[in-house]
Structures are given as C-alpha cells and as structure tokens.
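Participant: Here is a sequence with its predicted model. Questions after.
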Amino acid sequence: MIPPLDAAAQAAVPADTAAVQPGTDGSEPLHEPCVLLKLGEIVLKGRNRQQFERLLHTNIRSAVRQMGFVTRLWQREGVILLQIGDDCADPEAAADALAERMQDIPGIVQVCRTLRVAKDPDAAAAAAVELTAGRPGSFAVRARRRDKRFAMKSSDLNAYIGTRVQQAHGYRVNLSRPDNTVFVEVDQHEVFVFTEGLPGQGGLPVGMSGRALVLMSGGIDSPVAAYRMIRRGLRCDFLHFSGMPLTGPESVYKAYALVRGLNRFQGRSRLFVVAFGKAQQRLASSGASRLQIVAQRRLMLATGEILANRLGGAALVTGDSLGQVSSQTLTNLTALDDAVSLPILRPLIGWDKTEIMAEARRIRTLAISELPDEDCCTLLTPRRVETRARIEDLRRIEGRLDVGDLAEQLAAAAQEYGPGR
C-alpha cells in the first residue's frame, strides 16, 4: 500500500486528485513520462525514516517551484514518483528538465527518466520497444517486481519483453555485458520502464543535520568543503573575508559566484561579506610577525562564531587540508581550534590537492575558483610563516587588540547577499 502524503505534499497536489492514488481511477494516461527517484541511506533509517523522507519532499518541491509546471509527488517503498501536471504543454521536455534538476538534490542516489504504463506485460513490452528504437547493439532486460502479486515472475517478464524487443528491432541479447539495458519495475498500480539511471548526489536531505557557517574564500578548497557538508545534510550559510579597503572587490564577486553555484544543491543560500583589510593591518602593527596568518585566521573564526550563533549555526566549516600549506600543520590547526568554542568541521582534512581539484571540477566550482583575484590571506604575509604556533603567544597578541570586541565589530558590519534568492 502506498503511504499517504504528508500535509505539505497534499497541498502540492490539485484538490481534485489529492485523495486519488495515481493509476487507480482509470482517468490518467497509461503512457506517461515521469521521473522515478531512488533513495539511498535514507531507507536504512529506523523509526525516524519518515522525518528524512518528509524533509526530502520539501527540498524537492522547493527545487521545482520555479520550473513553471506542476509536479505531483508520491512516496513509494524506497522510491519517489514525480508526475508532470496535466496542464503541461510538453510533458516529455518537462520530465527531462525535472530529471536533470533532481540530480542536484542531496538524498537521492539515482534519477530515472521513465515511462509509466499500465500494469500489463504488453504495455511494458511496447514501452521497451519504443525506448530501444534507434539504439543498436546488444541489450538485456532487467525486471523487478515491487508487487510480488504480479502474475509473471521477473524471469518470465524478462524473456517476454526481450522477445518483443528482438522481434521489433533484431537486436542481439547479451545478459552479461549489454550495450543497452531496459529496466522494468512493477509497482502496486503501474509499471515503470526506463533504459538508464542518472547518478544523484546521494547523502542526506539538506537541513536534516542542522545548520553551519562556511568560511568561504575565493579558492578551490572551501567550496568543496561546503559541498561535502551540504551533502551530509547541513544547511550552510557562507562568510567571506575580503581585503577591502586594501584590495578591490574581485574576491567578493568570486565568492558570490561560488555560493550561487553551490546553491543548486541546497537553495536559499546566504553570503555574508566582511571587509577585513584594516583588521589585518591592526594585527600586523601589534607585532604578529610570523604569527600573522594564524592570528588573522583565529580572528576570522572568532568573527564566524559570533555570526554563526546569530544565524542558529552549530558549527563552522573550513577547507583545511592537513599539511597542504604552512598554516595547516597539526600544531597550527590545534591553535585555531582554541580560538572558538563551536566545533570546526574540516571535511577535506585528509584529501590532497589533486583530489580536491577533481571534486571541484565535478561540482563545477573549479573554473570560478581559478579566476584571478587578490585574496585577503595574501596581504601582509610575512616571509616566513610559523608552523608551530604557540597558543600563549597568539593570546598575547590578541590581548593587545581586544580581539573579542574587534570580532564583534566585524560580525556586526557583515553585509548580507542573497545568491540563492
């Protein structure tokens, strides 16, 4: 039996169909393009599994709200069915666009652009013949029955549909390494037929793990770190420190573009920008010397903690990778942890630069990160950077500047931007 929709999902369904399960009243088309979403680790959750599913439903509806057509959502056992509204002028194109959009939603492991047909072997075979037209090479049929009451066994359905495809196109059957595969899934009220599944993001629905603040530079690492945390269910806000007024606004433009790119994974992203140049000058004039980089990073974290507390964030996220640069030695990272009471999440801590760049390329942030700009971290950098910073020395420098008040001033002056609006 199909679980009932939650209240929010009911609101997204037209009033005249909200109480009707798809395919049960005979009024809907029996040859319908739609999208089938496969869930991953969500199905392993116990008593709170419905919480994960409800949040995923909310994220899906939020993602398609601006696409210009109505989408009906139906929760099945381990899958979600998305139907295109009856008023859509081009349901095929709408289903293609919907499938592409769903590939960016964390919590979904596979997106299947499928045909929904009547629960009948002939209807399934006809759909398979249609989908394999113009796709020469060997093929195989993989049938699965979610409804075990269906009269034909999966093996019999494989043979029946395979014979029909072979008769129609003359393709060769190859069960071990086919060039094309036809997937047939028998559900409670209909059959889904498709030829490939598109990879999803996997992970957990955004918002399930709480909220965090990402310290977003214009570089390669921090956007990847943000993505890894979004994929684990964290809703992320972003904080960028520019070198203004000592530098131009180029790094702000990059940070904005990066957050806008990441927004497709979570939606409603917010970017906060702090002009950090004068604070860096004050640190330099206080005698920070070789401790300049670590001292200014501690100030960034302290500012981020104040802002995160105001935004309801429970952690800070950075793109640190152990040993990648001199400020990221184990001793220096320990000194950074000492600056704040919030946990600092470092999802890239064991990654090397090649791995980080590959991931940045995959999520399409690398090209933006490689654009030239003047990063605030390169300002006032000493010739030699301390690799074994002592916490007592850093606290002594911060005592001269009353860093607590300085961090409060910086957080209060943060300007908010809305790349996710």
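Facilitator: On my side now, so go ahead.
Participant: Arg298 reaches Thr334, doesn't it?
Facilitator: No. With contact defined as CB atoms under 8 Å, Arg298 does not reach Thr334; the gap is 11.6 Å. Heads up, the C-betas are built off the backbone N, CA and C, glycines and all.
Participant: who has more neighbours, those two?
Facilitator: Each of Arg298 and Thr334 has its neighbours counted (other CB atoms under 10 Å); Arg298 has more, 27 against 11.
Participant: Let me see the mean pLDDT of the strand or helix carrying that one.
Facilitator: Arg298 is part of helix 292-311 when elements are defined by DSSP states H and E. Taken as a whole, helix 292-311 has a mean pLDDT of 96.
Participant: Stretch 100-109: end-to-end distance?
Facilitator: Distance between the two ends of stretch 100-109: 13 Å, counting by CA to CA, to the nearest Å.
Participant: typed the wrong thing, it's stretch 269-282
Facilitator: Taking CA to CA, the span from the opening residue of stretch 269-282 to its closing residue is 32 Å.
Participant: got it, and stretch 316-330?
Facilitator: Span of stretch 316-330 from end to end, CA to CA: 18 Å.
Participant: and it, average pLDDT?
Facilitator: The predicted model assigns stretch 316-330 a mean pLDDT of 94.
Participant: now do stretch 130-139
Facilitator: In this model, stretch 130-139 carries a mean pLDDT of 94.
Participant: For the chain, which residue occupies the most central location?
Facilitator: The C-alpha lying nearest the average C-alpha coordinate of the chain belongs to Phe265 (CA atoms, centre = their mean; 3.5 Å).
Participant: Give me the secondary structure label for the residue nearest to that residue when sequence neighbours are not counted.
Facilitator: Distances taken as CB to CB, 6 or more residues apart in numbering place Ile230 nearest to Phe265, at 5.0 Å, with adjacent residues excluded. In three-state terms, and counting by DSSP: H, G, I helix; E, B strand; the rest coil, Ile230 is helix.
Participant: Please compute how far the helix holding Arg298 lies from its chain's middle.
Facilitator: How far helix 292-311 lies from its chain's middle: 26 Å, per CA atoms, centre = their mean, to the nearest Å.
Participant: how about that helix: buried residues?
Facilitator: Buried residues in helix 292-311, counting neighbours by 16 or more other CB atoms under 10 Å, are found at 292-308.
Participant: and it, what other elements does it pack with?
Facilitator: Using 3 or more CB pairs under 8 Å, 6 or more residues apart in numbering; DSSP states H and E as the contact test, the elements touching helix 292-311 are strand 210-215, strand 234-242, helix 277-285, strand 316-317, helix 330-337, helix 391-401, helix 403-412.
Participant: mind checking which of those is nearest Gly418?
Facilitator: Gly418 sits nearest to strand 234-242 of all the helices and strands packed on helix 292-311, at 11.0 Å, using CB to CB.
Participant: give me the number of residues near Ser285?
Facilitator: For Ser285, which is what you asked about, the neighbour count (other CB under 10 Å) is 11.
Participant: if we can go back for a sec, what would the helices and strands packed on helix 292-311 look like in CSV with distance to Asp104?
Facilitator: Conversion of the helices and strands packed on helix 292-311 to CSV gives the following (distance: least, CB to CB, whole Å):
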stretch, distance to Asp104
strand 210-215, 18
strand 234-242, 15
helix 277-285, 35
strand 316-317, 19
helix 330-337, 32
helix 391-401, 41
helix 403-412, 31
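Participant: what residues are up against the residue lying closest to Ala124 once chain neighbours are set aside?
Facilitator: Taking CB to CB, 6+ apart as the measure, Ala124 lies nearest to Val191, with 4.7 Å between them; neighbours along the chain are not counted. By CB atoms under 8 Å, 6 or more residues apart in numbering, Val191 lies in contact with Arg116, Val117, Ala118, Lys119, Asp120, Ala123, Ala124, Ala127, Val184, Glu185.
Participant: Just the pLDDT at Val191, thanks.
Facilitator: Note for Val191: predicted pLDDT of 95.
Participant: Bridge partners for it, pull those for me.
Facilitator: Using DSSP bridges, the bridge partners assigned to Val191 are Val117, Val186.
Participant: how close does it get to Val35?
Facilitator: In this structure, Val191 and Val35 are separated by 15 Å, where distance is defined by CB to CB, to the nearest Å.
Participant: What distance do you get for Gln75 to Leu198?
Facilitator: Using CB to CB, one gets 20 Å for the distance from Gln75 to Leu198.
Participant: Look at these two and report which has more neighbours.
Facilitator: Looking at Gln75 and Leu198 with other CB under 10 Å, you find the greater number of neighbours at Gln75, namely 21 against 15.
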